[in-house]
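Colleague: Provide a 3D model corresponding to the input given below.
(2 chains)
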Amino acid sequence: MQSEKALERRETPTYFAIVFLLLLAVMGMVLPQGARSLVTHMMVFCILAMGYDVCFGLTNQCSLGHAVFFGGGAYGVVFSILHLKMGVLSSVFLSLGAGFILAVIMGLVSVRLTEAYFVIITAIFFSVFHLLAMDLTWLTGGDDGLSLQLPSLSFGSVTLSLYHPIANYYFVLIFLAISYLILDRMARSPMGKIFVSIRENEKRVQFLGYNIFRYKLMAFIVSGMFSALSGGLYALTLRYGSADFFSFHWSIMPIVWCLIGGLGTLAGSWIGVVIMSLFQYYVSGWWTYYLILFGIIILLILRISRKGILGYVISRRLN
Amino acid sequence: MATGDKLLETNSVTMCFGGLTALDNVTYSIQEGEIRGIIGPNGAGKTTLFNVITGELKPTSGKIFLRGKDITHFAPHMICQEGLSRTFQLTLTFPEMTVYDSIWVGVNSRAKWPWNPILLAHHATGLSHMTREICRLVGLEEKMNEFASNLSYGDQKILEIAMALSTQPSVLLLDEPTQGVSPKEADNISEVIEKLSEKMTIILIEHSMDVVLRLCHIITVLNEGRVVAEGPPDEIRKNEEVQRIYLGEIS
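Modeller: Coordinates of the predicted model:
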């Protein structure tokens, strides 16, 4: 009944996401140790990629400041375990809170601007936070970072330790699945539709009676919170946090992931994560300047389809 | 000041861009249920008047009232919520969204919680019913699932009108709805406008005299930012000054 084409655009990523998540659930059992930890990292990045897609893919705000949320989330976990002696789960929620606060602060200033100005101001926020994290060594541990002793998780009588690789794997996988469910639901909701229409034509949305500043801020905050969640899980997985979590790497990578996978498809960005991570893992061992090769591959992918890999699949299925 | 029976009123509105006066003391008003046309040569300030009324530009001086309420300093989205909606001369649609979704977004702006992040959009039956109704009204129901970018230019113009309608306005401002479309499509569009004029107040900017003379009760002629003449079609046709500055210019 509902416009089938619009439905189709969301259906393809959903099928892909279900298959991907099921595959991950099986792989956790069968993979050898080294590959399992690589996949665990990938899943953490998938949350960051998806969070970033809400900002860039859905509302067309190309932020260079997401390293702030990633780092903020990581330190949210580190501080809450080190100083506040919190449990693992509550530390993850605190990292979400950290992401929320950082996104509100950054968003209130930057969301009013568009295009190049938005990019620049988010980049400035990133530089400020990166420098602060590097310099305040008494607080953040600087480049050396702070390492964590993880308390074990307890659900009633069952206790789980994240030191166990399989426990860590499924812990992250559950967060990935929940994040996907929440964000996919949001993308299909009235709010998601408003986000997409802002991407399509900001001015027109204003003349349909929407306060676009408010909606762009909402998207920015949601995006920031999920990026912070990713940072928090990364700190839990590596069992430490350092100023490196604020580095430019974490601002650039989400853009690359989303562009390769397909902007605005949420799950599409996972393809970008997988390709990039595998590439980094295998090719960087052979050749130091592997990023040059990677740049060429990105160019080729975008030359074939400007909408990325999943975007290409969707447009093929539509026609 | 604004009186009760005037729905929309501009009170000596002046708009200057640096040294250029685009609108010079324009006092204009429209009553409930009327359909009025604004004509004038290129650069007369017609679109600027719309931009000032809808809040895209703030007038240099003067005031704008909607139902006696001062809306001069309202932001565009607030003016839209007050019940004033417009179309754009160069179509501003959502290229990668379907016709249905484009209209749905406008209908949703009147919902109780337009930002609802939990509800599934297609489960809001009231909204989809209304969206279908608007599609039917403007004759886009067969193209509901087309992407806006795949529509013909004439259909995009109709989609523009449908999107303006979707916010349930009481005043509709149409900025050259038949500009650049084929004669057949233009007929189609003016039929749609005629249908709408039974339900709401319309102000129409047009270049095509046929459409304006046929549809509008009262026509206002703007030239160089000033109101030159105002009256029913026959009177405008006979007005010598209008013939000189507008009709004479064309022929």
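
Colleague: Do a quick rundown of the helices in chain B.
Modeller: Assigned by DSSP state H, the helices in chain B fall at B:46-53, B:76-81, B:99-108, B:125-138, B:153-165, B:183-197, B:209-215, B:233-238, B:240-242, B:248-250.

Colleague: right, and those - which one's nearest residue A:231?
Modeller: helix B:99-108 (33.0 Å; C-beta to C-beta). All C-beta atoms are positioned from the backbone trio N, CA, C, and that covers glycine.

Colleague: could you give the angle of the closest one to helix B:125-138?
Modeller: Orientation check (axes from the mean of the first three to the mean of the last three C-alpha atoms, to 10 degrees): helix B:99-108 against helix B:125-138 gives 120 degrees.

Colleague: contact partners of helix B:99-108?
Modeller: Contacts to helix B:99-108, defined as C-beta atoms under 8 Å, 6 or more residues apart in numbering or on different chains, come from residues A:2-3, A:6, A:190, A:193-194, A:196-197, A:205, A:208-209, B:93-94, B:97, B:114, B:121, B:124, B:127-128, B:130-131, B:134-135, B:140, B:143-148, B:151, B:159, B:162-168.

Colleague: Filter these down to just the buried residues.
Modeller: With burial judged by 16 or more other C-beta atoms under 10 Å in any protein chain shown, the buried subset of the contacts of helix B:99-108 is A:2-3, A:6, A:190, A:193-194, A:196-197, A:205, A:208-209, B:93-94, B:97, B:114, B:121, B:124, B:127-128, B:130-131, B:134-135, B:140, B:143-148, B:151, B:159, B:162-167.

Colleague: what's in contact with stretch B:79-86?
Modeller: A:206-209, B:8, B:50, B:53-55, B:66, B:69, B:71, B:74, B:109, B:164-165, B:167-175.

Colleague: ok, now which ones touch the closest residue to chain A within the stretch 151-251 of chain B?
Modeller: When scored by C-beta to the nearest C-beta, the stretch 151-251 of chain B has residue B:167 as its residue closest to chain A, at 5.1 Å. By C-beta under 8 Å, 6+ apart, the contact list for residue B:167 reads A:208-209, B:80-81, B:85, B:106-107, B:109-110.

Colleague: and if we set it to 7 Å?
Modeller: Neighbour list for residue B:167: A:208-209, B:80, B:85, B:106, B:109-110 [criterion: C-beta atoms under 7 Å, 6 or more residues apart in numbering or on different chains].

Colleague: And residue A:274, by the same measure?
Modeller: Residues in contact with residue A:274 (C-beta under 7 Å, 6+ apart) are residue A:42.

Colleague: And for the one 10 residues further on?
Modeller: When the contact criterion is C-beta under 7 Å, 6+ apart, the partners of residue A:284 are residue A:290.

Colleague: hmm, back to that, I'd like to know which of the contacts of stretch B:79-86 are buried.
Modeller: A:206-209, B:8, B:50, B:53-55, B:66, B:71, B:74, B:109, B:164-165, B:167, B:169-175.

Colleague: Among the residues you listed, name the ones in strands.
Modeller: Using DSSP state E, the subset of the buried ones among the contacts of stretch B:79-86 located in strands is B:8, B:66, B:171-175.

Colleague: And the closest residue to residue B:57 other than its chain neighbours, how close does it get to chain A?
Modeller: Distances taken as C-beta to C-beta, 6 or more residues apart in numbering or on different chains place residue B:51 nearest to residue B:57, at 4.5 Å, with adjacent residues excluded. Look at residue B:51 and chain A: by C-beta to the nearest C-beta, to the nearest Å, they are 11 Å apart.

Colleague: how about the strands in the stretch 101-250 of chain A?
Modeller: Secondary structure of the stretch 101-250 of chain A (DSSP state E, counting those that start in this stretch): strands at A:146-147, A:153-155, A:158-160, A:240-241.

Colleague: which other helices and strands contact the last one?
Modeller: The one in question is strand A:240-241. With contacts defined as 3 or more C-beta pairs under 7 Å, 6 or more residues apart in numbering or on different chains; DSSP states H and E, strand A:240-241 has these neighbours: helix A:66-82, strand A:146-147.

Colleague: One more: the first one?
Modeller: Contacts of strand A:146-147 with other secondary structure elements, assessed using 3+ C-beta pairs under 7 Å, 6+ apart, are made with strand A:240-241.

Colleague: 10 Å instead?
Modeller: helix A:66-82, strand A:240-241 (3 or more C-beta pairs under 10 Å, 6 or more residues apart in numbering or on different chains; DSSP states H and E).

Colleague: again, but for the second one
Modeller: Using 3+ C-beta pairs under 10 Å, 6+ apart as the contact criterion, the neighbours of strand A:153-155 among helices and strands are helix A:88-110, strand A:158-160.

Colleague: The shortest one pairs with which strands, and in what direction?
Modeller: The reference is to strand A:158-160. strand A:153-155 (antiparallel) (DSSP bridges).

Colleague: Tell me how far the partner strand lies from the chain's centre.
Modeller: Offset of strand A:153-155 from its chain centre (C-alpha atoms, centre = their mean, to the nearest Å): 26 Å.

Colleague: ok, residues contacting it?
Modeller: Applying C-beta atoms under 10 Å, 6 or more residues apart in numbering or on different chains, the contact partners of strand A:153-155 are A:87-89, A:159-162, A:167, A:171.

Colleague: Residue B:241: which of those is nearest?
Modeller: Taking C-beta to C-beta as the measure, residue A:89 is the one of the contacts of strand A:153-155 closest to residue B:241, at 78.7 Å.

Colleague: give me every residue that touches the residue lying closest to residue B:229 once chain neighbours are set aside.
Modeller: Once flanking residues are discounted, residue B:229 sits nearest to residue B:221: 4.5 Å by C-beta to C-beta, 6+ apart. Taking C-beta under 10 Å, 6+ apart, we find residue B:221 in contact with B:37-41, B:44, B:46, B:227-231, B:236, B:239, B:241-242, B:245-246.

Colleague: do residue A:59 as well
Modeller: By C-beta under 10 Å, 6+ apart, the contact set of residue A:59 is A:111, A:194-199, A:202, A:212, A:215-220, A:222-223, A:264.

Colleague: picking that back up, redo the strands of the stretch 101-250 of chain A as TSV? Include mean neighbour count.
Modeller: TSV is the format used below for those (neighbours: other C-beta atoms under 10 Å in any protein chain shown):
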stretch	mean neighbour count
strand A:146-147	16
strand A:153-155	12
strand A:158-160	11
strand A:240-241	24
